[in-house]
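In: Fold the following for me, if possible:
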Amino acid sequence: MKRLLVITFCMLLCGIGAVWSQNQPDFYDTKTVQAVSITFKEKNWRDILDSLRYNGDGLLNGTVEINKQKFENAGIRYRSARGFQIGGKHNSLYVQLPEGKPYQGYASLELSNAVRDPSVVREVLAAEIARKYMPAPKANYAKVMVNGNYYGFFVNIESVNGKFLQTNFGSSDGDLYRAAISTTQAVPDGCPKESYASLKYEENQACYTYSYDRVNKNAWNSLMELTDVLANRPANIETVLNVDRALWMLAFNNVTVNLNSYTGFPTQNYYLYKDARGQFNLILGDLNFAFGSYKRIDSGSDLEMKPLIQLDPLLHADNKDKPLLNQLLSNETYRKMYLSHMRTILHDNFAKGQYEKRAKELQDLIKKAWTEDPNKEYNITDFDQSLIATVGKRSRIPGLTEFMAQRADFLKQDANLSILPPDLTAVKVLPREKYSQSKAESFKIQAKAGQFAKNVRVFYRFDNTQPFLEAPMQDNGTSNDEKAADEIFGAEIKPEGSARLIEYYIVAENAKAMSFDPPRYMYERHKASLDELNK
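Out: This next block holds a predicted model:
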């Protein structure tokens, strides 16, 4: 409490819009702006980094200081991102810390110049929203000095590597690929020129080397198997793909019009990680083009504002060049799940303008440090107008709230999303019967499911290392529900072995829609214990 008061007093006294702290709880804490200083021995370091950018993945040695902690012999290069310019004064940076010497467990830094985002909040805001529903990189801000000069104000993005993978998947040694079209090789003979990293199956391995990077230098076999199953055995897709997480990412892309990803054109800028269960997980890449800043869905021209706002929720459902969307959305259950995820993202973040307050908070945090950047991409007028008005004459970048307010209104009225899903309420586990001499030895789960629910299921496990099991819930008057056909559904789950705890969530379907309880069942579940039930 004392430290908080000191920081607050200093902010008021000095007029600082951002807190600079070397004792921050996490390197990606969004309440603070990080301090990164790089020192090169070479005076022509810009020329060297330009050359390295075009000649592979070489790194230039330098000394890096992060929040006053020094790292000798770090490796630095320009990021392989769209904003790179030869001789540019504000190119994005990648920093590889010395082996075995991470900062707070993070082995590398990704510093983005937020090209085509005059608001400078798209990446951080989109990442915060995404992480509510799926593993996604964290992001905040950093002030970067090079050889004692203010090089620029950057978005600081968590790398998809060791710590991120270990934290989100419990392992970091699985196969990892990045959807990134080669900038150094031509399209191999026989490979489709415009499918890119769309997960289309190709017999020629060279087609994969052009469209994907092997981040862990793993073989191509597992990725080829994924695309083979998707193309030729889609009924088995859950053996090789975490379908639910894929649907969350695709739903997020559509709601937020994040087209610099699988959903747009070219298909790129996402990751695939094979976890210990043998399933691939899709992971979002950079998000600075989210909220309509990137505008292409096919090989044609950029979309205008209205088509972007009215982007079809089922975009690419019939497009065989996008097999992930095409195959998953042709499955009725998966389509309902996808639309349910869209509703959740929409109503949690956009239906009542919830995101707007957060966007303004982020701009208030960074404004002073961003204004002082001598190499910034935009002027202060663009920054101030970037939430409410379109900025730029050539690259027409929609105002974030200007765009998303209209997008939210459109989605709320869309026929696919305005359908009422089953209303799940009164979820509980029945306690031991009053005055009964017999203790509860099983979990009798109940839920009320309205809106003509026809298929209600409980997903449960007794240990957080286990996969979820599934059991039907019935409304027949004999399944620990109440009366038949009263919309109260029940199921009895008997614990395995000596298990005393259960973790569960409910899924309900009607003819056209699906709902979950809790809505964020990926991270929040209902829990019960036999000991509590027997009190």
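In: Using the record's domain definitions, break the protein down for me.
Out: Here the domain parsing of the chain from automatic domain parsing is 170-349, 424-533.
In: The last one: end-to-end distance?
Out: As for domain 424-533, its first-to-last residue distance stands at 22 Å under the measure C-alpha to C-alpha, to the nearest Å.
In: thinking in terms of the whole chain, how far from its middle is that domain?
Out: Distance of domain 424-533 from the chain centroid (C-alpha atoms, centre = their mean, to the nearest Å) equals 29 Å.
In: try stretch 361-378
Out: Here stretch 361-378 is found 25 Å from its chain centre; the criterion is C-alpha atoms, centre = their mean.
In: Buried residues, that stretch. List them.
Out: Under the neighbour-count criterion of 16 or more other C-beta atoms under 10 Å, stretch 361-378 has 362-363, 365-367, 369-370, 373, 376-378 buried. Every C-beta, even on glycine, is put in place using the N, C-alpha and C of the backbone.
In: pLDDT of it, averaged?
Out: Here stretch 361-378 scores 96 as its mean pLDDT.
In: Check stretch 267-286 too.
Out: Stretch 267-286 comes out at a mean pLDDT of 96.
In: Please name the nearest non-neighbouring residue to T39.
Out: Nearest-residue entry for T39: T63, 4.5 Å, with adjacent residues in sequence omitted and distances by C-beta to C-beta, 6 or more residues apart in numbering.
In: where exactly do the helices run in the stretch 151-300 of the chain?
Out: 162-169, 205-211, 221-232, 243-255 (DSSP state H, counting those that start in this stretch).
In: of all the ones you listed, which has the lowest average per-residue confidence?
Out: Among these, helix 205-211 carries the lowest mean pLDDT, at a mean of 92.
In: list the helices and strands it packs on?
Out: Packing partners of helix 205-211 (3 or more C-beta pairs under 8 Å, 6 or more residues apart in numbering; DSSP states H and E): helix 221-232.
In: Just the buried residues of the helix it packs on, please?
Out: For helix 221-232, by 16+ other C-beta under 10 Å, it's 222-227, 229-230.
In: Kindly report the same for stretch 57-68.
Out: Under the neighbour-count criterion of 16+ other C-beta under 10 Å, stretch 57-68 has 60, 62, 64, 66-67 buried.
In: and what of stretch 417-434?
Out: So stretch 417-434, judged by 16+ other C-beta under 10 Å, has buried residues 417, 421-422, 424, 427, 429-430, 432.
In: Just those residues: which are in helices?
Out: Mapping these onto helices (DSSP state H) picks out L417.
In: picking that back up, now the residue nearest to T39: which helix or strand?
Out: strand 60-66 (DSSP states H and E).
In: what sits up against that strand?
Out: Outside strand 60-66, the residues within contact range by C-beta atoms under 8 Å, 6 or more residues apart in numbering are 27, 34-42, 45, 48-49, 52, 70-77, 95, 97, 103, 109.
In: try it again with 7 Å
Out: By C-beta atoms under 7 Å, 6 or more residues apart in numbering, the list of residues contacting strand 60-66 from outside reads 34, 36-40, 45, 48-49, 52, 70-77, 95, 97, 103.
In: Tell me how far it lies from the chain's centre.
Out: Chain-centre distance of strand 60-66: 29 Å, with C-alpha atoms, centre = their mean.
In: That one pairs with which strands, and in what direction?
Out: With DSSP bridges as the test, strand 60-66 is paired with strand 33-39 (antiparallel), strand 69-78 (antiparallel).
In: So for that strand, mean pLDDT?
Out: Mean predicted confidence for strand 60-66 is 98.
In: can you check stretch 459-478 too?
Out: Mean per-residue pLDDT for stretch 459-478: 94.
In: Just the buried positions in that stretch, please.
Out: Under the neighbour-count criterion of 16+ other C-beta under 10 Å, stretch 459-478 has 459-462, 473-475 buried.
In: out of those, what pair is the most spread apart?
Out: The most widely separated members of the buried residues of stretch 459-478, counting by C-beta to C-beta, are F462 and D475 (25.3 Å).
In: ok, back up a step: for the helices of the stretch 151-300 of the chain, state which one has the densest average packing.
Out: helix 243-255 (a mean of 24; mean count of other C-beta atoms under 10 Å).
In: Other residues contacting that one?
Out: Applying C-beta under 7 Å, 6+ apart, the external contacts of helix 243-255 come out as 130, 133-134, 237, 258, 261-263, 281-282, 284, 311, 313, 315, 324-325, 328, 334, 337-338, 341-342, 345-346, 411.
In: Please apply the same query to stretch 441-451.
Out: Contacts to stretch 441-451, defined as C-beta under 7 Å, 6+ apart, come from residues 420-430, 456, 458, 473, 480-481, 487-495, 502, 504, 506, 508, 510, 517, 528.
In: rerun at 8 Å
Out: With contacts defined as C-beta under 8 Å, 6+ apart, stretch 441-451 is touched by 420-430, 456, 458, 460, 473, 475, 480-482, 487-495, 502, 504, 506, 508, 510, 513, 517, 528, 530, 533.
In: buried stuff in it?
Out: Using 16+ other C-beta under 10 Å as the test for burial, stretch 441-451 gives 443-449, 451.
In: Kindly export that stretch (C-alpha atoms) in CSV.
Out: C-alpha atoms of stretch 441-451 as CSV (Å, rounded to 0.1, in the frame of the first residue of the first chain):
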residue,chain,number,x,y,z
GLU,A,441,-21.2,-41.0,-2.7
SER,A,442,-21.8,-39.5,-6.2
PHE,A,443,-22.3,-36.1,-7.8
LYS,A,444,-25.9,-35.4,-8.8
ILE,A,445,-25.7,-32.5,-11.1
GLN,A,446,-28.7,-30.4,-12.1
ALA,A,447,-29.2,-27.5,-14.5
LYS,A,448,-32.2,-25.7,-16.0
ALA,A,449,-32.1,-25.4,-19.8
GLY,A,450,-34.7,-23.3,-21.5
GLN,A,451,-35.3,-22.2,-25.1
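In: Y78: what's it in contact with?
Out: Applying C-beta under 8 Å, 6+ apart, the residues near Y78 are 49-50, 52-53, 84, 91-94.
In: Using TSV, lay out those together with distance to Y270 and pLDDT.
Out: TSV is the format used below for the contacts of Y78 (distance: C-beta to C-beta, whole Å; pLDDT from 0 to 100):
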residue	distance to Y270	pLDDT
L49	26	94
D50	27	91
L52	25	90
R53	22	85
F84	20	78
N91	23	94
S92	18	95
L93	21	96
Y94	18	96
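In: a markdown table for the residues you listed, including distance to Y273 and neighbour count?
Out: Output for the contacts of Y78, formatted as a markdown table (distance: C-beta to C-beta, whole Å; neighbours: other C-beta atoms under 10 Å):
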| residue | distance to Y273 | neighbour count |
| --- | --- | --- |
| L49 | 29 | 21 |
| D50 | 32 | 18 |
| L52 | 27 | 17 |
| R53 | 26 | 19 |
| F84 | 26 | 18 |
| N91 | 28 | 24 |
| S92 | 23 | 25 |
| L93 | 24 | 24 |
| Y94 | 19 | 19 |
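In: how far is stretch 137-152 from where the chain is centred?
Out: Remark: stretch 137-152 is offset 23 Å from the chain centroid, using C-alpha atoms, centre = their mean.
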